[in-house]
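Colleague: predicted model and sequence below, questions to follow.
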Amino acid sequence: MTEITTTTAGSLPRTQALIDANRARTFADDGFTLQSSPEFTELTAQAVADVVARQREAGVTQVGDGEFGKAMSNAVDYGAWWSYSFQRASGLSLTEVNAFNEPPVRSEPGRIRLTSFLDRRDRQLFPAVYADAVEAGATATAFPTTTGPIAYRGHAAVASDIANLKATLRDGEQGFLTAIAPGSASRVRNEYYATDEEHIFAWADALREEYKAITDAGLIVQLDDPSLAENFDQINPEPAIADYQAFTRIRVEAINHAIAGLPKELVRLHVCWGSWHGPHTTDVALADILPVVLEANVGSISFEAGNVRHEHESGVWAQTSVPDDLVLVPGVVSHATNVVEHPELVAQRIERFASIVGADRVIASTDCGLGGRIHPDIAWAKLASLGEGARIAASRV
């Protein structure tokens, strides 16, 4: 019987003990760097071991650390997947600016320009909805600004992430760690570089050190880059698709610059339309960005395929010339609903992609990170359904 590999998109529910310990940490004078202690280091290592064991129990075969080594910065409460990078890069300063009310400084040619987080077109269409459910981070009072040369300083932190995950892996077991992509990392105010492109490539040069450390350790690095799709909603007025493709291509070129020479099979790109719970009626269509996304020199692509706003786009993959060496990592359970997907539905979603590229080139995953987006009990029930659905699909493909 063919085995269907399963994984997650990264973030998993943290234990209350880990949440409390994170909240109790203090910051260095720079306002970014969280202080640690031997006790916290030990707690994190044990939490990673526990979350890996629980993934195995649920049927996840390509495990991650749940992003437990990434903690939020007080610069902006917008999620560890992004704000962790502020602690691992130099060249940033905290500014007394609410980034959700004032757009980042940009130097894009033409009229393509990111607007404020609060000026998203989806928000404008559904103001009462968004007022009722304030997005994480909307109350931030300070925000990172690039005021000097971006350089990587997270060597000890990524080494700890690597050590914690590798200590839990069994012989022959493949693990992965997430890392932010240059295009998403650079979505902060820029007051140092002459152009947006220079800013993005500076992040690419810096973050390459993190990517290389992970792949040198034999782990898969998942490059989180929601900016590739999500930026579309943050441009007013709505741009022409050709203009947006050119805007996005710069970010894909930065990825390729950052991963040049790294083992392709150990690089996974995660693309999503943003994990916030909203209508998402102004999302860009997959067909409009996929040709550009496929220019990324990665071994696999993780994407939302269980999200009801995008599930129908599986047909786009069927109509696309997918590179022969590319592995598809479709999300088959969603972070955007509390309903736990039936294993039979999960199996059907997996089989849909197996029919396009073959079962050996499909890894079943979650749409996006589950930690902090749904109740922990629901998250683990979804992962159990993911594992069972993969077993059902494996028996039929």
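Modeller: Cool, got the structure. Residues are numbered from 1 along each chain as shown.
Colleague: ok, which stretches of the chain are helices?
Modeller: Secondary structure of the chain (DSSP state H): helices at 16-23, 38-58, 80-87, 121-125, 127-132, 155-166, 182-185, 196-216, 227-230, 241-259, 286-293, 314-318, 343-357, 376-394.
Colleague: buried stuff in the last one?
Modeller: Think helix 376-394. 378-394 (16 or more other CB atoms under 10 Å). In short, each C-beta sits where N, CA and C put it, glycine included.
Colleague: how about the fourth one?
Modeller: By neighbour count, and taking 16+ other CB under 10 Å as the criterion, the buried residues in helix 121-125 are 121-123.
Colleague: and which of those residues is nearest to residue 213?
Modeller: Using CB to CB, residue 122 comes nearest to residue 213 of the buried residues of helix 121-125, at 36.4 Å.
Colleague: would you mind measuring from the closest one to residue 129?
Modeller: From residue 122 across to residue 129, the span is 9 Å (CB to CB, to the nearest Å).
Colleague: find residues that contact each of these two.
Modeller: 278-279 (CB atoms under 8 Å, 6 or more residues apart in numbering).
Colleague: and stretch 282-292, how far from the chain's centre?
Modeller: The chain centroid and the centroid of stretch 282-292 are separated by 17 Å under CA atoms, centre = their mean, to the nearest Å.
Colleague: how many residues are close by residue 372?
Modeller: As a burial measure, residue 372 scores 20 neighbours (other CB atoms under 10 Å).
Colleague: tell me the confidence at it?
Modeller: Residue 372 carries a pLDDT value of 86.
Colleague: mind listing what residue 274 touches?
Modeller: 226, 229-230, 233, 280.
Colleague: wait, which of those residues is closest to residue 353?
Modeller: The closest of those, once distances to residue 353 are taken by CB to CB, is residue 229, at 18.3 Å.
Colleague: burial measure for that closest one, as a count.
Modeller: So residue 229, with other CB under 10 Å, has 24 neighbours.
Colleague: so it touches residue 272, yeah?
Modeller: Yes. Between residue 229 and residue 272 there is a contact under CB atoms under 8 Å: 6.5 Å.
Colleague: tell me the mean pLDDT over the biggest strand by length in the chain?
Modeller: In the chain, taking DSSP state E as the definition, the longest strand is strand 143-152. What strand 143-152 shows for mean pLDDT is 93.
Colleague: can you give the contact residues for the least confident helix or strand in the chain by mean pLDDT?
Modeller: Least confident helix or strand of the chain, by mean pLDDT, DSSP states H and E, is helix 127-132 with a mean of 82. Helix 127-132 is contacted from outside by 122-123, 278-279, using CB under 8 Å, 6+ apart.
Colleague: am I right that residue 289 is in contact with residue 248?
Modeller: Yes. With contact defined as CB under 8 Å, residue 289 and residue 248 form a contacting pair (6.2 Å).
Colleague: mutual contacts of the two, please.
Modeller: Applying CB under 8 Å, 6+ apart, one finds that residue 289 and residue 248 are jointly contacted by residue 228.
Colleague: what's the closest non-adjacent residue to residue 3?
Modeller: Nearest residue to residue 3 in three dimensions, chain neighbours excluded: residue 394, at 5.7 Å (CB to CB, 6 or more residues apart in numbering).
Colleague: one step back: quick one: closest of the helices of the chain to residue 70.
Modeller: Of all the helices of the chain, helix 80-87 sits nearest to residue 70, with 3.7 Å by CB to CB.
Colleague: does residue 390 touch residue 350 like I think?
Modeller: Yes. Assessed by CB under 8 Å, residue 390 is found in contact with residue 350 at 6.3 Å.
Colleague: can you list residues touching both of those two?
Modeller: The contact sets of residue 390 and residue 350 overlap at 4, 364 (CB under 8 Å, 6+ apart).
Colleague: mind listing what the residue nearest the centre of the chain touches?
Modeller: Centroid check for the chain by CA atoms, centre = their mean gives residue 224 as the closest residue, at 3.3 Å. Residues near residue 224 by CB under 8 Å, 6+ apart: 10, 81-82, 178-181, 184, 270.
Colleague: pLDDT score for it?
Modeller: Residue 224 is given a pLDDT of 97.
Colleague: quick check: it vs residue 332, distance?
Modeller: 19 Å.
Colleague: what's the answer for residue 203, then?
Modeller: 31 Å.
Colleague: still on that earlier bit, and of the buried residues of helix 121-125, the nearest to residue 238?
Modeller: Nearest member of the buried residues of helix 121-125 to residue 238, counting by CB to CB, is residue 121, at 6.6 Å.
Colleague: tell me, how many residues neighbour the closest residue to the closest one other than its chain neighbours?
Modeller: Excluding the flanking residues, the one nearest residue 121 by CB to CB, 6+ apart is residue 282, at 4.3 Å. Neighbour count for residue 282, taken as other CB under 10 Å: 19.
Colleague: isn't residue 282 right up against residue 238?
Modeller: Yes. Look at residue 282 against residue 238 with CB under 8 Å: they come within range, at 7.4 Å.
Colleague: mutual contacts of those two, please.
Modeller: Common contacts of residue 282 and residue 238 (CB under 8 Å, 6+ apart): 121, 232.
Colleague: next one: stretch 247-255 to chain centre, how far?
Modeller: 16 Å.
Colleague: next one: stretch 206-222
Modeller: 15 Å.
Colleague: likewise for stretch 225-236?
Modeller: 13 Å.
Colleague: okay, it in PDB with CA atoms only?
Modeller: Written as PDB, here are the backbone C-alpha positions of stretch 225-236 (Å, rounded to 0.1, in the frame of the first residue of the first chain):
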ATOM      1  CA  ASP A 225       5.400  33.700   2.600                       C
ATOM      2  CA  PRO A 226       1.800  34.700   2.800                       C
ATOM      3  CA  SER A 227       2.800  38.000   1.300                       C
ATOM      4  CA  LEU A 228       2.800  36.400  -2.200                       C
ATOM      5  CA  ALA A 229      -1.000  36.100  -2.100                       C
ATOM      6  CA  GLU A 230      -2.000  38.200   0.800                       C
ATOM      7  CA  ASN A 231      -0.500  41.500  -0.400                       C
ATOM      8  CA  PHE A 232      -3.100  41.700  -3.100                       C
ATOM      9  CA  ASP A 233      -5.800  42.600  -0.600                       C
ATOM     10  CA  GLN A 234      -3.500  45.300   0.900                       C
ATOM     11  CA  ILE A 235      -3.200  47.300  -2.300                       C
ATOM     12  CA  ASN A 236      -5.600  50.100  -3.000                       C
END
